[in-house]
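Q: What follows is a predicted protein model with its sequence.
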Amino acid sequence: MKEILKEIIRTNQNRDFSDIRSRDLRIPINAGKIITLIGPRRSGKSSLLQFTIKELLRNGTKKDNILFINFEDERLNFDQSNLDLIIQAYRELYPDNNIENCYFFFDEIQNAEGWDRFISRIFENISKNIFLTGSNAKFLSAEISTVLRGRAISYILFPLSFSEFLSFLSIEKDIYNVQNKALIINAFDNFLIWGGFPELVNMESTLKTKVLQEYFNVMIYRDLIERFSISDPHVLKYFIKKVIANITKPLSINRIYNELKSNKYTIGKNSLYQFLDQVSDIFLVRLVNKFDYSQIRREQYDKKAYIVDNGLISSVNYNLSNDYGKLLENLIALEIQKNGYEVFFFKSLKACDFIMKISDGFIPIQVSYTFYDNDTKNREINGLLKASQVLDARQGYIITFDLYEEIKKAETKIHILPAYRFLLHDLKSF
């Protein structure tokens, strides 16, 4: 086992990381904390670890000060009794190195029983430079906080943002070059339907549905059914189908409970609330609260549930794959969160799709794929103006497929933008 570990350590130190692509998320190198990467399956967590190694090497760190192990390697069979072989193998390979300067990168560490105690021991006695990823089946953020007792900082890595998607396709983000703009719009059409899982960027369209369905099934069976020991998977699947079908609408657990009851399913209402928490825990959905200045009341209202990537929607619900309005709203909800903003929906006498919380206030945002008929215009503008009035906001956005315009209503400047332009705007500048 120790000899195998030495081989793995040396092989990984000599890997060529030149083809690893950068992401917008940068994890800190010398934070003095254990860095954990969480997020949906196949979102690129392992690649981000490798990119961090690439940056360390580029900045002068010696390769023999980097230890990278993927715990899914079939040659490894760890438990609490033999994890220390990793440290022994490294010390024997590099007896003259100060191990305190070593950077430890452990991918899919949940496969090792007793990993948390091992990591805590490294942190306390050997090195502060520790970077971890793990599967959602056993590596949820709440559990990390518990087992590592304040020693860790977690970062969420989502599938690619639209800006990252263009970078992966080597498309310049210049919307004023006519030829390049056509490439951007074509890429956006693709992104809207197939989403941003990195593996799919250059994949043949005929394979995308099958791959995405496989992602979805692994989330259902391994991350949910096995992970939470769910005894009635049929009810869970029915619940998830309802969640997907109702994106863009407040999700009524009462309504789903009554539908299940009328179809002769036996399940408690509390179990459905638990399902909602669990699909959120594994990052299949992102929950959005109704806006209220009171945090207590926000938690009491029905929430909206948005799917973590449009490709999952298109691959499991054919009807929604052609509903560009719902796909666009789902996409905007996720892009706002990818940029680190808290987001709400607004519902009063009028409705506004999103309220984006920024440092000094709020920005109301409407999403309307088509924006040509007067009824749609009036509804979207009036909803935005009502939210602006409540929030005392001086500007708002209406995101469309292809319309570009600015109008002033009352005290509010309304920016009407094509989605691709909004997504390429530096959202972090708000």
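A: That came in fine, so what should we check first?
Q: how about the helices in the stretch 201-350 of the chain?
A: 205-218, 233-245, 253-262, 269-281, 295-300, 310-316, 318-321, 324-338 (DSSP state H, counting those that start in this stretch).
Q: Any idea which of those helices gets closest to Asn177?
A: For the helices of the stretch 201-350 of the chain, the distance to Asn177 is smallest for helix 324-338, at 22.9 Å, taking C-beta to C-beta. Glycine gets a C-beta too; all of them are placed from N, C-alpha and C.
Q: Burial-wise, tell me which of the helices of the stretch 201-350 of the chain comes out on top.
A: Neighbour counts (mean count of other C-beta atoms under 10 Å) averaged over each of those peak at helix 310-316, with a mean of 24.
Q: quick check: mean pLDDT across it?
A: For helix 310-316, mean pLDDT rounds to 94.
Q: rewinding a little: export the helices of the stretch 201-350 of the chain to a markdown table and append columns for distance to Asp353.
A: Shown next, in a markdown table, are these (distance: least, C-beta to C-beta, whole Å):
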| stretch | distance to Asp353 |
| --- | --- |
| helix 205-218 | 25 |
| helix 233-245 | 18 |
| helix 253-262 | 21 |
| helix 269-281 | 20 |
| helix 295-300 | 17 |
| helix 310-316 | 16 |
| helix 318-321 | 17 |
| helix 324-338 | 6 |
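Q: Provide the count of other residues in contact range of Asp64.
A: Applying other C-beta atoms under 10 Å, we find 15 residues neighbouring Asp64.
Q: My understanding was that it contacts Gln13; is that so?
A: Yes. Between Asp64 and Gln13 there is a contact at 6.3 Å, judged by C-beta atoms under 8 Å.
Q: Next, the contact list for the residue in the chain sticking out farthest from the centre, please.
A: In the chain, the residue that sits farthest from the middle, by C-alpha atoms, centre = their mean, is Asp96; the gap is 41.2 Å. Listed by C-beta atoms under 8 Å, 6 or more residues apart in numbering, the contact set of Asp96 is empty.
Q: quick check, it in a helix?
A: No. Using DSSP: H, G, I helix; E, B strand; the rest coil, the secondary structure at Asp96 is coil, not a helix.
Q: residue contacts, Glu405?
A: Counted by C-beta under 8 Å, 6+ apart, Glu405 has contacts Ile416.
Q: Let me see the backbone angles for it.
A: phi -170, psi 150 (degrees, to the nearest 10).
Q: which residues does it form a beta bridge with?
A: As for beta bridges, Glu405 partners with Ile416 under DSSP bridges.
Q: any idea how far it lies from Ile398?
A: 9 Å (C-beta to C-beta, to the nearest Å).
Q: what sits in contact with each of those two?
A: Ile416.
Q: did I read that right, Leu67 in a helix?
A: No. Counting by three-state DSSP, Leu67 is not found in a helix; it is strand.
Q: quick one on the thing from earlier: least confident of the helices of the stretch 201-350 of the chain, on average?
A: Note on those: helix 318-321 shows the lowest mean pLDDT, a mean of 80.
Q: tell me which strands and helices that one is in contact with?
A: helix 233-245, helix 310-316, helix 324-338 (3 or more C-beta pairs under 8 Å, 6 or more residues apart in numbering; DSSP states H and E).
Q: Now distance to Asn217 too, for these, in TSV please.
A: Converted to TSV, those look like this (distance: least, C-beta to C-beta, whole Å):
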stretch	distance to Asn217
helix 233-245	10
helix 310-316	9
helix 324-338	20
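Q: list the buried ones in stretch 337-349?
A: 337-339, 341, 343-347 (16 or more other C-beta atoms under 10 Å).
Q: now, among these, which is nearest to Thr146?
A: Gln337 (24.1 Å).
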